[in-house]
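Colleague: 3D model of this:
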Amino acid sequence: MPVPPQLVPHPTQLTLLPGRFTFDAATALTIAPGAEGAAELLRTLLRPATGLRLPSRSDGPVVLALDPALTGLGDEGYGLTVGPEGVLLRAARPRGLLAGVQTLRQLLPVQALHDEPVRGVEWSVPCVQITDVPRFSWRGAMLDVARHFRPVSFLRRYVDLLALHKLNVLHLHLTDDQGWRMPVAARPRLTEIGGLPHGGAYTRSELAGLVRHAAERGITVVPEIEMPGHARAVLAAYPELGNRPDRALGVWDRWGVCDTVLGVHDEVLDFCREVLDEVLDVFPSPHVHIGGEECPTAEWHASPVARRRVAEQGLDGPDALHGWFMEQVGRHLLDAGRRPLGWTETGADLPPYFTVMPWRDTAHGRTAARRGHQVVMAPHRSTYLDYPQSASPHEPPGQPGAVVDLRAVHGTDPAPAHWSPAETARVLGTQAQLWTEYVPTAAHAEYLAFPRLCALAETAWTGRRDWAGFQARLRHHRTRLDTLRVPRRLSPTSVQGEESP
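Modeller: Numbers count the residues shown, from 1 in each chain. Got it, this is the predicted structure:
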């Protein structure tokens, strides 16, 4: 009996049919209006290894078409029919066609993933009938570039790897205690000083180019600018934005949660709005992440300015300034037509119009959903990829904490069955987090991300709980990752701050 295609994530419905279709030098594309982006992506992805030009022709056997009447496919679903004489890829929306292109890419021989010409391979795909619709609209991966800077070339490659797995959000953690990577024209010291540790900073042009590159692959780049905590890089550059501006900060003396937060005077709020306005110019994403977690309030308790703000606003005390601060910044994003996004530590600590990411406990996601928040599930016990993949003594050192193995990621359910329909409806999806305190190299980052992101893609796209089936498909999919040079293991230099050759 023929073996079905080993696809990751598994399609919603797949039927294997007799025969194969072969792409060759004469193969042309029939491109319906609105399918131009998908056609160009197909050419871009296949040309390096295959050399195929795939020109446009009115009678080309590979047809890419948009049909808005296919409402059951939603924004990202697609239908793919492969017969011996041709290929038909249809979707209701352009992003569905982009997802279908990635499926075609996985159906081809693994050599099609090479970035250099490959000779002597028949570029054929099995005949199939596929209908594929994602379970969740948010299937994300957070990458921390604040603690260890990664050049934009790596980010583009990371986007390509996410797209292959139909993950559709790159959450870019751009600022933290240890670094500030987002350029702000009116505040040059943010990158001149805050960008010094562990790398540098991006240019506006680099970030805009990354956004375009991601959009061409169906991925939204969501920026994160941390506030009011995790702000030591800001305060190294502009100490007047803190609660004790005359203090000489030993800013780069240690890792970890900051013991310094932004002040609450008007100049700070103006600064935050100024920064976010530049972020909005570069990133068109519907959501903008503004952090909000792990915010110590001791400095607000000691600050006369903060205590005066408490009195003016009629707040219960300095601890309540956290919610007040997030409200001021969140409203600015709402007024600009964007949706504020933040980490929640309880499910009930952010204004109700925020989209929230519960990271401490799954139960906090349910609390947030009951409050009316839209929710992106990010519980650390199953989505933190900086945690070790196993308890083996041979595993490279990482973030101290629980082991997050492949099965834990695969088994996560963003909307558990015992939640009510109303609670489930507020879950946008899930994402994995890769914090980089202990991840000094690009090779180490990829090693930690894959294949665990394969498991996240599976649960976020289909919600299948077939662990044995996933393992079987992953064995073949590993050959794709090998072809793409995603490391299965690390050399000592790859975990000591030097890239392996």
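Colleague: quick check: mean pLDDT across the helix or strand containing Q102?
Modeller: Using DSSP states H and E, Q102 falls within helix 94-107. Averaged across helix 94-107, the pLDDT comes to 98.
Colleague: next, the buried residues of whichever helix or strand comes after that helix.
Modeller: Using DSSP H and E, the next helix or strand after helix 94-107 towards the C-terminus is strand 123-132. By neighbour count on 16 or more other Cβ atoms under 10 Å, the buried set for strand 123-132 is W123, S124, V125, P126, C127, V128, Q129, I130, T131, D132. Using the backbone N, CA and C atoms, a C-beta is placed for each residue, glycine as well.
Colleague: so the nearest residue in space to the fifth one that is not next to it in sequence, which of the three states?
Modeller: When the adjacent residues along the chain are set aside, C127 lies closest to L17, with 3.9 Å between them (Cβ to Cβ, 6 or more residues apart in numbering). The three-state label given to L17 by DSSP: H, G, I helix; E, B strand; the rest coil is strand.
Colleague: likewise for V159?
Modeller: Strictly by three-state DSSP, V159 counts as helix.
Colleague: all further residue positions should be reported with the first residue as 35.
Modeller: Let's use 35 as the start, then, which means that last one is V193.
Colleague: count of neighbours near it?
Modeller: 24 (other Cβ atoms under 10 Å).
Colleague: separation between it and P352?
Modeller: For V193, the distance to P352 (Cβ to Cβ, to the nearest Å) stands at 41 Å.
Colleague: can you list the low-confidence ranges for the stretch 285-434 of the chain?
Modeller: 285-293, 431-432 (pLDDT under 70).
Colleague: please repeat the previous calculation with a cut-off of 90.
Modeller: 285-294, 424-434 (pLDDT under 90).
Colleague: all helices of it, in order?
Modeller: With DSSP state H, counting those that start in this stretch as the criterion, the stretch 285-434 of the chain has helices at 300-316, 332-336, 338-347, 355-369, 396-404, 414-417.
Colleague: list of residues touching the shortest one?
Modeller: In other words, helix 414-417. 393-394, 411, 421, 435-436, 438, 442-443, 445-446, 464-467, 490 (Cβ atoms under 8 Å, 6 or more residues apart in numbering).
Colleague: just to revisit the earlier point, can I get the helices of the stretch 285-434 of the chain in TSV with mean neighbour count and distance to A180?
Modeller: Formatted as TSV, the helices of the stretch 285-434 of the chain follow (neighbours: other Cβ atoms under 10 Å; distance: least, Cβ to Cβ, whole Å):
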stretch	mean neighbour count	distance to A180
helix 300-316	17	14
helix 332-336	17	21
helix 338-347	14	26
helix 355-369	19	18
helix 396-404	21	24
helix 414-417	21	18
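Colleague: closest to P39 out of those?
Modeller: Of all those, helix 414-417 sits nearest to P39, with 27.5 Å by Cβ to Cβ.
Colleague: what number of neighbouring residues does the closest residue to E492 other than its chain neighbours come out with?
Modeller: Nearest-residue entry for E492: P43, 4.4 Å, with adjacent residues in sequence omitted and distances by Cβ to Cβ, 6+ apart. The number of residues packed near P43 is 28, by other Cβ under 10 Å.
Colleague: and for L490?
Modeller: The burial count for L490: 28, using other Cβ under 10 Å.
Colleague: elements contacting the helix holding Q136?
Modeller: helix 70-84, strand 96-100, strand 112-117, strand 120-125, strand 157-166, helix 186-198 (3 or more Cβ pairs under 8 Å, 6 or more residues apart in numbering; DSSP states H and E).
Colleague: determine which of these approaches H478 most closely.
Modeller: Comparing these by Cβ to Cβ, helix 186-198 comes nearest, at 11.7 Å.
Colleague: so who does the residue lying closest to Q136 once chain neighbours are set aside touch?
Modeller: Using Cβ to Cβ, 6+ apart and skipping the chain neighbours, the partner closest in space to Q136 is L198 (5.7 Å). When contacts are counted by Cβ under 8 Å, 6+ apart, L198 touches Q136, R139, Q140, R514, L518.
Colleague: ok, 10 Å please
Modeller: With contact taken as Cβ atoms under 10 Å, 6 or more residues apart in numbering, L198 is in contact with 42, 79, 136-137, 139-140, 147, 251, 487-488, 491, 511, 514-515, 518.
Colleague: check V438 too.
Modeller: Applying Cβ under 10 Å, 6+ apart, the residues near V438 are 414-424, 432, 446, 466-467, 482, 486.
Colleague: G94 too?
Modeller: Contacts of G94 (Cβ under 10 Å, 6+ apart): A60, T61, A62, L63, T64, I65, A73, L88, G120, V121.
Colleague: didn't the last one look like it was pressed against G113?
Modeller: No. Under the criterion of Cβ atoms under 10 Å, V121 lies out of contact with G113, with a separation of 11.4 Å.
Colleague: anything in contact with each of those two?
Modeller: Contact with both V121 and G113 is made by residues G134, according to Cβ under 10 Å, 6+ apart.
Colleague: just the strands in the stretch 335-484 of the chain please.
Modeller: Counting by DSSP state E, counting those that start in this stretch, the stretch 335-484 of the chain has strands at residues 373-378, 389-392, 408-411, 461-468.
Colleague: show me what the third one is packed up against.
Modeller: Which is strand 408-411. Counting contacts by 3 or more Cβ pairs under 10 Å, 6 or more residues apart in numbering; DSSP states H and E, strand 408-411 packs against strand 172-178, strand 321-325, strand 373-378, strand 389-392, helix 396-404, helix 455-459, strand 461-468.
Colleague: please name the strands paired to the third one in the sheet, noting orientation.
Modeller: Using DSSP bridges, the strands paired with strand 373-378 are strand 321-325 (parallel), strand 389-392 (parallel).
Colleague: hey, which of those strands is tucked in deepest?
Modeller: Mean neighbour counts were compared across the strands paired with strand 373-378 using mean count of other Cβ atoms under 10 Å; the top stretch is strand 389-392, at a mean of 28.
Colleague: please save the CA atoms from that one in CSV.
Modeller: In CSV, the C-alpha atoms belonging to strand 389-392 read as follows (Å, rounded to 0.1, in the frame of the first residue of the first chain):
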residue,chain,number,x,y,z
THR,A,389,-4.9,40.7,23.9
VAL,A,390,-2.9,38.7,26.4
MET,A,391,-0.3,36.0,26.5
PRO,A,392,-0.5,33.9,29.7
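Colleague: how close does P151 get to R415?
Modeller: Taken as Cβ to Cβ, the span from P151 to R415 is 45 Å.
Colleague: typed the wrong thing, it's S426
Modeller: 19 Å.
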